[in-house]
Every structure is written in structure tokens, then in C-alpha cells.
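A.B. asks: compute the structure for the input listed below.
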Amino acid sequence: MYRNIGSDENAWKFGESYKSAHNNMVSANLLTLLSEMQLDYSSDDFSRAIKRYFDHLKRETKTPDATKIRRRRNSRRHRLFNARNNLPKVGEDLALWSFANVDAMSDEETDDERRRKIFKRPAWRSCQFNTLVERIDEALGLKRVYSEDPPNRTFDFEKIPEEIMDLS
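C.D. replies: Residues are numbered from 1 along each chain as shown. You can find the predicted model right below:
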């Protein structure tokens, strides 16, 4: 039924929230069509089914491999941040680290040919912050060799404090 309701303006926009004005309008149109069929289901039942169908179609639009890779990288950055965050810091190190967050952690990728880990340091991180991260990693016993290639990840710079950035 959803696929047969007509033009693009009647189609959900999966880049938007289910509750966006456009998607609300599409869902309301579907609810009206289903209600007019006089089936033995309540409006709430239809609403839940429509929401589940929206979620299903939204998941289909994403490539499973990309989603899986993104989750793995995010999970790794969270673990790395937590390990680095748990190490005691004092003075200037503590002041600088107070601006750190998960988004400031480097990426780890796998080299397909040799199955080895490649670490990619964000190019926008300041030298001072990189030095701090290296000292923390040394204290944790982490040995990293960073690639000169930039990370593949796109960064949301609104989530990253200016105090640890060097955009020059």
C-alpha cells in the first residue's frame, strides 16, 4: 500500500526523523487510507504498524556493511577514550584533557592486504593534544604507529572543542 500511494511528496524521507512534519504527513495519509478500508484494527494498531514499517524501510536504505563498520569504530573510540580518561592526570595535562571527548580519538582501520591495524590520527588535532595522547598511550602500554593518510571518517566539528584543534 505504501509503495502505491503516489508521488515523491507522499514518500517518507528517511534522512529525517519519523516525527518530522513531512513524515508525519505521510504517516497520517497512510493511517487515513487504512482506516477507510474498515479493517478490524484500532487506530493505535495501525499507527504502531506504520511506525514499524517506517523503521524497517529506513534500515533497508542503509548499507549493512557501512553501519557495522561505523558501530565498530565508534565502540573502539569509546573504549579508547575511557581507557585514556581513567589514567590520572595533573596540571596542564589535566586542563588540556578536560576538553577531550570520544570524537577526538583516532581511527583504527584494518589493512585488507596484511590484516594489520592502521591508526589514523585526525589531522585537525593540535600538536599539544597529540603529544598528550602519546604520553597517555605510553603510560597505558599502547604502542601505535600512525599512518600519514587522513582518516576516512567525517568529523562533526561542532562536537570537538577548539582547545584541542589546530586548523591552520
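
A.B. asks: residue ranges with poor pLDDT in the protein?
C.D. replies: 1-8, 63-64, 66-67, 69, 109-116, 168 (pLDDT under 70).

A.B. asks: the residue of it positioned farthest from its centre in helix, strand or coil?
C.D. replies: Most distant from the centre of the chain: residue 38, at 41.7 Å, with distances by CA atoms, centre = their mean. Classification of residue 38 by DSSP: H, G, I helix; E, B strand; the rest coil places it in coil.

A.B. asks: what separation do you get for it and residue 117?
C.D. replies: 60 Å (CB to CB, to the nearest Å). Bear in mind the C-beta positions are built from the backbone N, C-alpha and C, glycine included.

A.B. asks: contacts only, for the residue farthest from the centre of the chain.
C.D. replies: Applying CB atoms under 8 Å, 6 or more residues apart in numbering, we find residue 38 in contact with no residue.

A.B. asks: ok, it to residue 46 distance?
C.D. replies: On the measure of CB to CB, residue 38 and residue 46 end up 12 Å apart.

A.B. asks: so what's the gap between stretch 22-41 and the chain middle?
C.D. replies: Stretch 22-41 sits 32 Å away from the centroid of its parent chain (CA atoms, centre = their mean, to the nearest Å).
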